[in-house]
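S.K.: Sequence and predicted model, in that order:
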Amino acid sequence: MLGHRNYANQYRSTGVSAAVLEADPHRLVALMLSGARDRIRLAGACLERGDIPRKAKAISDASGLITGLSGALNLDAGGEIAQGLQSLYDYAQQRLLVANSDNDAAALTEVDALLGDIESAWLAIAPKP
């Protein structure tokens with residue numbers, strides 16, 4: 001499992017600015033999910049404008065965040081849920097490859113919706129202050 005500082009480094013490496021060093025691990029995962037979705041939507045907007053280099057950068061950034069999310073899973077302790085999430089993250093990565101190589105806006109929309117479902121579930125289990 002990635003440490004607290006590694007989460008922060010993965011998040012910052014994509015150019016996302018937030019107070020990640022002060023965030024607890026649950027909040028960091030939420031920030032990474034939100035950041036990945038933001039980049040996917042940016043990629044879609046760039047695709048619409050024909051800005052292919054920026055689309056590719058946004059997809060790369062989203063992919064990096066998803067890699068961080070996948071790497072943070074504890075497959076031993078998380079059991080079927082963690083394995084299911086890993087499969088979803090792998091699928092999202094495959095669809096991002098298609099979105100990038102084929103300029104496929106539908107693949108971007110699909111991944112955004114998938115991550116949105118994960119994000120909603122994650123936020124629903126937020127620890128109480």
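M.R.: Alright, I've got the coordinates. Residues are numbered from 1 along each chain as shown.
S.K.: My read is that residue 30 contacts residue 125, right?
M.R.: No. Between residue 30 and residue 125 there is no contact, the gap being 10.4 Å when judged by Cβ atoms under 8 Å. Bear in mind the C-beta positions are built from the backbone N, C-alpha and C, glycine included.
S.K.: In terms of packing, which of the two has more residues around it?
M.R.: Relative neighbour count places residue 30 above the other of residue 30 and residue 125, with 16 against 7, counting by other Cβ atoms under 10 Å.
S.K.: what about the more buried one, distance to residue 46?
M.R.: For residue 30, the distance to residue 46 under the criterion Cβ to Cβ, to the nearest Å works out to 25 Å.
S.K.: Over to residue 113?
M.R.: Relative to residue 46, residue 113 is positioned 19 Å away (Cβ to Cβ).
S.K.: swap in residue 67?
M.R.: Distance check for residue 67 against residue 46: by Cβ to Cβ, it reads 21 Å.
S.K.: next one: residue 28
M.R.: From residue 28 to residue 46 the distance is 26 Å (Cβ to Cβ).
S.K.: before we move on, the earlier item: neighbour count for residue 113 and residue 46, which is higher?
M.R.: When residue 113 and residue 46 are compared on other Cβ under 10 Å, the one with more neighbours turns out to be residue 46, at 19 against 12.
S.K.: Can you tell me which helices and strands the helix or strand hosting residue 58 packs against?
M.R.: For residue 58, the enclosing helix or strand under DSSP states H and E is helix 52-71. Under the contact criterion of 3 or more Cβ pairs under 8 Å, 6 or more residues apart in numbering; DSSP states H and E, the helices and strands touching helix 52-71 comprise helix 4-12, helix 25-49, helix 75-102, helix 105-124.
S.K.: and it, average pLDDT?
M.R.: The pLDDT scores in helix 52-71 average 97.
S.K.: Can you list the low-confidence ranges for this structure?
M.R.: Across the chain, the ranges flagged by pLDDT under 70 are 1-23.
S.K.: ok, 80 please
M.R.: Segments of the chain classed as low confidence (criterion: pLDDT under 80) are 1-23, 129.
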